[in-house]
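Participant: sequence plus predicted model, see below.
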Amino acid sequence: MNYQAIRAAVENPLLSAFSGLAPAVPVYFDNITAAPPNTTTEYVRVNVTFGITNEPTLTSSVDNARGAIVIRIFTEKGRGPARNQTLLTTAVNVLETLNDTAKTTSGVFFRVGEINGPTFSATEAAPHFVGRIDTSYVATVLS
Amino acid sequence: MARKRGLLNELERLGENLDRLAVAAFSRGPARAAEEIVVDLQEAGPVWSGRFSNSWQIDTNDGRKTVGTGAAGYPQRLYAPLLSGRSFVGDDVKYTISNFAPYADEARDLAEGIFIDPGTTPLKEYDRGTRVSGYRGDLIGNDEGPNRSTAPLDWYTTYLRGGAIDRQIKLSLDAELGRVRL
């Protein structure tokens, strides 16, 4: 099982998409970098979790992992949802594009399930308006 | 004549066993799955005072329910109500599992919250760190941090979407069906 390859399959396209925006929006992943506590600038937080590492499939391969992807978009509070929803659209587009990727003979074959959300929240104490989506994924390591 | 009666008895016994199989498959199996899912959620989720863990409830589609105590203390097992005959009709959802704690969304990392350390020791092991955002489990890990968390960020979404709930349902149904001898 190649956990890093599975992470890369979803993290790299998200990083590219948000880096390509003008202005670029920083993306923070699990235990790589972290947004400064109580920062007021906008950012994206992506959490990739593993639920099941392997399960029998119809083929001989058991390198078939399942898990969840949670994406949180933090934008300025008190300015309406437009900016947040624009960034959410970027994230959703990336997830949907993953499902269009053809299956090859090596690497990781990655598919996401239905996307839940977005749900929005803002609290008095936190400086951001947050949009949140989550989805399931199935990733098969082919090599 | 005796042979015919013996055959009828066997058929009657087979019918009874099939009834038992149906009850196991359609009533006890799903009930057991619902109970075990609550156990999984209690184990995976945060346990500080225990109120959140004891606030799960299981509802059937015909209006019966089992409700947790909502009290502090170690998580208590919930026993699901069995489905009635009429609740089998239709292909709607048979069991609904929910949590009635007023801060259930915050505990499940679905919404931001304001967290105040009560100064007590949680019932479950915890991680210490500095909370980055308004999400309960969003901690930067460092031993000196001011915040504590008794479950990892997104524990609930991971259980729900990561396949563990499907596996639990399968295991529970298999276990109940395995008890039936035809």
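Facilitator: Received the coordinates, thanks.
Participant: C-alpha from now on. contacts and neighbour counts both.
Facilitator: OK.
Participant: the most centrally placed residue in chain B: which element?
Facilitator: In chain B, the residue lying closest to the centroid (Cα atoms, centre = their mean) is residue B:38, at 1.9 Å. According to DSSP states H and E, residue B:38 maps onto helix B:29-44.
Participant: what's the answer for residue B:140, then?
Facilitator: Going by DSSP H and E, residue B:140 is in strand B:139-141.
Participant: so what touches the next helix or strand after that strand?
Facilitator: Next helix or strand after strand B:139-141 toward the C-terminus (DSSP H and E): strand B:147-149. The set of residues external to strand B:147-149 that reach it, using Cα atoms under 8 Å, 6 or more residues apart in numbering or on different chains, is B:46, B:117, B:126, B:127, B:128, B:129, B:130, B:131, B:136, B:137, B:139.
Participant: report all helices and strands that the next helix or strand after strand B:147-149 contacts.
Facilitator: As assigned by DSSP H and E, the chain's next helix or strand after strand B:147-149 is helix B:155-161. Contacts defined by 3 or more Cα pairs under 8 Å, 6 or more residues apart in numbering or on different chains; DSSP states H and E place helix B:155-161 against strand A:43-52, strand A:64-76, strand A:128-141, helix B:29-44.
Participant: centre of the chain to the third one, how far?
Facilitator: What it means is strand A:128-141. 5 Å (Cα atoms, centre = their mean, to the nearest Å).
Participant: hmm, it touching chain B?
Facilitator: Yes - using Cα under 8 Å from any Cα of the partner chain, strand A:128-141 comes into contact with chain B via A:132, A:134, A:135, A:136, A:137.
Participant: how about low-confidence regions in chain B?
Facilitator: B:1, B:19-25, B:180-182 (pLDDT under 70).
Participant: could you dump the residues of strand A:128-141 next to chain B to CSV with pLDDT and neighbour count?
Facilitator: CSV is the format used below for those (pLDDT from 0 to 100; neighbours: other Cα atoms under 10 Å in any protein chain shown):
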residue, pLDDT, neighbour count
A:132, 96, 21
A:134, 96, 27
A:135, 96, 23
A:136, 96, 25
A:137, 95, 24
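Participant: quick one: contacts for residue A:2?
Facilitator: Per Cα under 8 Å, 6+ apart, neighbours of residue A:2: residue A:141.
Participant: to clarify, my last question referred to residue A:138.
Facilitator: Taking Cα under 8 Å, 6+ apart, one finds A:64, A:65, A:66, A:67, A:110, A:111, A:112 in contact with residue A:138.
Participant: swap in residue A:115?
Facilitator: Taking Cα under 8 Å, 6+ apart as the test, what residue A:115 contacts is A:92, A:133, A:134, A:135, A:136.
Participant: nearest spatial neighbour of the third one, skipping sequence neighbours?
Facilitator: Excluding its sequence neighbours, the residue lying closest to residue A:134 (Cα to Cα, 6 or more residues apart in numbering or on different chains) is residue A:70, at 4.4 Å.
Participant: what sits opposite that neighbour in the beta ladder?
Facilitator: Counting by DSSP bridges, residue A:70 forms beta bridges with residue A:47, residue A:134.
Participant: isn't residue A:64 up against residue A:111?
Facilitator: No - the criterion here is Cα atoms under 8 Å, and residue A:64 misses it with residue A:111 at 11.1 Å.
Participant: and for these two, which residues touch both?
Facilitator: With Cα under 8 Å, 6+ apart as the test, residue A:64 and residue A:111 both reach A:138, A:139.
Participant: related to what we said a few turns ago, mind listing what's buried along the strand holding residue B:140?
Facilitator: B:139, B:140 (16 or more other Cα atoms under 10 Å in any protein chain shown).
Participant: and residue B:9, how many neighbours does it have?
Facilitator: Residues lying near residue B:9 (other Cα atoms under 10 Å in any protein chain shown) number 12.
Participant: distance of it from chain A?
Facilitator: 42 Å (Cα to the nearest Cα, to the nearest Å).
Participant: Three-state assignment for that residue, please.
Facilitator: Counting by DSSP: H, G, I helix; E, B strand; the rest coil, the backbone at residue B:9 sits in helix.
Participant: give me every residue that touches the residue lying closest to residue B:143 once chain neighbours are set aside.
Facilitator: Distances taken as Cα to Cα, 6+ apart put residue B:128 closest to residue B:143, at 5.6 Å, once the chain neighbours are dropped. Applying Cα under 8 Å, 6+ apart to residue B:128 gives the contacts B:139, B:141, B:142, B:143, B:144, B:145, B:146, B:147, B:148, B:149.
Participant: state the pair within these that is farthest apart.
Facilitator: Across those, the longest distance by Cα to Cα is 13.3 Å; it joins B:144 and B:149.
Participant: between the two, which has more neighbouring residues?
Facilitator: Taking neighbours as other Cα under 10 Å, residue B:144 and residue B:149 compare with residue B:149 leading, 22 against 9.
Participant: for the more buried one, give the beta-bridge partners.
Facilitator: residue B:127.
Participant: ok and the residue in chain B nearest chain A?
Facilitator: residue B:162 (3.7 Å; Cα to the nearest Cα).
Participant: how near is that residue to residue B:144?
Facilitator: For residue B:162, the distance to residue B:144 (Cα to Cα, to the nearest Å) stands at 32 Å.
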